[in-house]
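Enquirer: need a structure here:
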Amino acid sequence: MSSSPTRSRLLMIALPALLALALLLSAGGLVVAGWIGRPATGERVSIAVRSSCASDWERQLAARADAIGLGEPSLSVAGDTVTLTATLPGNDDDRQSVPALLTAPGVLSLHLEDGQTLASGADLAETRLSMSYMGRASVILRPGQAAWARIRAVDPDAVLVATLDGVSVTLGEVRRVGRDDELHVQPSLAHSADELRMAVDWSIVLGTGPGPCAVTRTSVDG
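Expert: Just a heads-up that it's a prediction; the model follows:
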């Protein structure tokens, strides 16, 4: 029996995944250079972050710089200011988007539409970025057992929402979410590149944890 039909079926299955990979590689959003082996090619700048906990922000900025894929990062602390010197990824809006991502508060709330909070970032056991075979980006959240108990105790028709730093994504009815004890945060935006960028940003912020204290001033030189 000819193997051609089998090859054709495999190609049809693989093609969406290849398109998804192509989207990940070509999207104009903030792509993590380390994930795809692409070196940072933008400006080399110094980003100064002022707060009441500069030493704690030094550790946080190091983690986020690594997750973003900034080139050759170095950090120093002087008084209430930590300065990160690094090479930017090379996107048009790096000077605005990178400092914002580096200093995002990272406050997550899993709540119902009526505002009832069921879980926070502290309840997460795992966070990771995911790409569907149709090329849709999402962030996978795995809450701990106590958080799952609270989620499953509410009305199954209630709608669960994830909010990170004031930006909300509707997850759906409680009865329909939580496949394999995971929540899929899938942005619904006009362009796939914007969805990818938002998912990447969420995965970086949630993966590195919330900011240790409020930032009072951020500046970019270079």
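
Enquirer: From now on I want contacts and neighbour counts done on CA atoms only, so please keep to that.
Expert: Will do.

Enquirer: Residue 104 and residue 150: what is the separation?
Expert: As judged by CA to CA, to the nearest Å, residue 104 and residue 150 stand 27 Å apart.

Enquirer: no no, residue 166
Expert: For residue 166 relative to residue 150 (CA to CA), the value is 22 Å.

Enquirer: so what does the helix or strand harbouring residue 45 touch, helix or strand wise?
Expert: Counting by DSSP states H and E, the element that carries residue 45 is strand 44-51. Judged by 3 or more CA pairs under 8 Å, 6 or more residues apart in numbering; DSSP states H and E, strand 44-51 is in contact with strand 81-87, strand 215-221.

Enquirer: hang on, the earlier thing: look at residue 104 and residue 150 and report which has more neighbours.
Expert: Higher neighbour count among residue 104 and residue 150: residue 104, with 20 against 12, using other CA atoms under 10 Å.

Enquirer: Which residues are in contact with residue 146?
Expert: Taking CA atoms under 8 Å, 6 or more residues apart in numbering as the criterion, residue 146 is in contact with residue 123.

Enquirer: Check whether it sits in a helix, strand or coil.
Expert: Under DSSP: H, G, I helix; E, B strand; the rest coil, residue 146 falls in the helix class.

Enquirer: Same check on residue 101?
Expert: helix.

Enquirer: That one: neighbouring residues, count only.
Expert: 19.

Enquirer: possible to save the helices and strands packed on strand 44-51 as a markdown table with distance to residue 116?
Expert: Listed next are those as a markdown table, based on distance: least, CA to CA, whole Å:
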| stretch | distance to residue 116 |
| --- | --- |
| strand 81-87 | 37 |
| strand 215-221 | 28 |
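
Enquirer: Most tightly packed of those strands?
Expert: Across these, the average number of neighbours (mean count of other CA atoms under 10 Å) peaks for strand 81-87, which reaches a mean of 22.

Enquirer: Show me what that one is packed against.
Expert: Packing partners of strand 81-87 (3+ CA pairs under 8 Å, 6+ apart): strand 44-51, helix 54-68, strand 71-78.

Enquirer: Could you say which helix or strand holds residue 195?
Expert: Here residue 195 is assigned to helix 192-208, by DSSP H and E.

Enquirer: In terms of pLDDT, where does residue 22 sit?
Expert: pLDDT, residue 22: 46.

Enquirer: ditto for residue 35
Expert: At residue 35, pLDDT is 40.

Enquirer: Contact partners for the nearest residue to residue 49 once chain neighbours are set aside?
Expert: In this structure, residue 49 finds its nearest non-sequential neighbour in residue 218, 4.7 Å apart by CA to CA, 6 or more residues apart in numbering. If you count contacts by CA under 8 Å, 6+ apart, residue 218 has them with 47-50, 99.

Enquirer: After the one helix or strand residue 161 maps to, which helix or strand is next?
Expert: Here residue 161, judged by DSSP H and E, is contained in strand 159-164. Next helix or strand after strand 159-164 toward the C-terminus (DSSP H and E): strand 167-173.

Enquirer: where's the closest residue to residue 61 other than its chain neighbours relative to residue 55, distance?
Expert: In space, and not counting its chain neighbours, residue 61 is closest to residue 102: 6.1 Å by CA to CA, 6+ apart. Look at residue 102 and residue 55: by CA to CA, they are 15 Å apart.

Enquirer: what does the domain assignment say about the chain?
Expert: 33-105+209-221, 108-206 (automatic domain parsing).

Enquirer: chain center to the shortest one: distance?
Expert: Domain 33-105+209-221 has its average C-alpha position 15 Å from the chain's average C-alpha position, going by CA atoms, centre = their mean, to the nearest Å.
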